[in-house]
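*Asks:* Predicted model follows, preceded by the sequence.
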Amino acid sequence: MRDPMTGKSKKISRPKKEQMDLFKEDLVIDGNDLKDAGIPPGRIYKNIFSQIMGIVIKDPERNNREWLMDYVNRVYVAKENNNVEQEKEDSANTQEDK
C-alpha cells in the first residue's frame, strides 16, 4: 500500500495471534536442570533453549517442567549418549586396526 502523503510504500501491520514476549528466564527449566540431566555446560545450551523457546511460544502449555525435561531427555540426552557410544565404538575400531 502506498502512503498518499509521501508516495512511498508502507507495510500494513496485521494483528498477530496472541503473541507473548518470552524470555529464557520465563522458562520453568534453566541451565542447572540441563546440567543435572547430564548435559555438560557449553554452546549446546543456547541451542536447547532456542528450541524450547520456539516450542513454548507456539504452545505455552508446554512450559512445564515435566514436559520440557522429557523433551530434553528424548532429544538431547539420548543423542549425547548415542554420540558417546559411537565415539567409544570408533575408538575401539581404531585400536583394533593398529
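*Replies:* Cool, the structure landed.
*Asks:* just the helices in the chain please.
*Replies:* With DSSP state H, the ranges of helices along the chain come out as 31-36, 44-58, 65-72, 78-97.
*Asks:* Among those helices, show the one with the smallest mean pLDDT.
*Replies:* Among the helices of the chain, helix 78-97 carries the lowest mean pLDDT, at a mean of 60.
*Asks:* How about the contacts made by residue 24?
*Replies:* 30, 49, 53 (CB atoms under 8 Å, 6 or more residues apart in numbering). Backbone N, C-alpha and C define where each C-beta goes, glycine included.
*Asks:* Give me the distance between it and residue 49.
*Replies:* Distance, residue 24 to residue 49, using CB to CB, to the nearest Å: 5 Å.
*Asks:* which residues touch the closest residue to residue 57 other than its chain neighbours?
*Replies:* Excluding its sequence neighbours, the residue lying closest to residue 57 (CB to CB, 6 or more residues apart in numbering) is residue 22, at 5.5 Å. Counting by CB under 8 Å, 6+ apart, residue 22 makes contact with 53, 56, 57.
*Asks:* show me the contacts for the second one.
*Replies:* What that stands for is residue 56. 22, 26, 27, 62, 63, 68.
*Asks:* Now the buried members of these.
*Replies:* 27, 63, 68 (16 or more other CB atoms under 10 Å).
*Asks:* Is it correct that the first one is in contact with residue 68?
*Replies:* Looking back up the chat, that one is residue 27. Yes. If you go by CB atoms under 8 Å, residue 27 and residue 68 touch, sitting 7.1 Å apart.
*Asks:* Can you check which residues contact both of the two?
*Replies:* Common neighbours of residue 27 and residue 68 (CB under 8 Å, 6+ apart) are 52, 56.
*Asks:* What's the local residue count around residue 70?
*Replies:* Neighbour count of residue 70, defined by other CB atoms under 10 Å: 11.
*Asks:* That one and residue 21: what is the separation?
*Replies:* 25 Å.
*Asks:* and if you look at residue 28?
*Replies:* 16 Å.
*Asks:* Of these two, which one has the most company?
*Replies:* The neighbour comparison of residue 28 against residue 21 (other CB under 10 Å) goes to residue 28, with 15 against 6.
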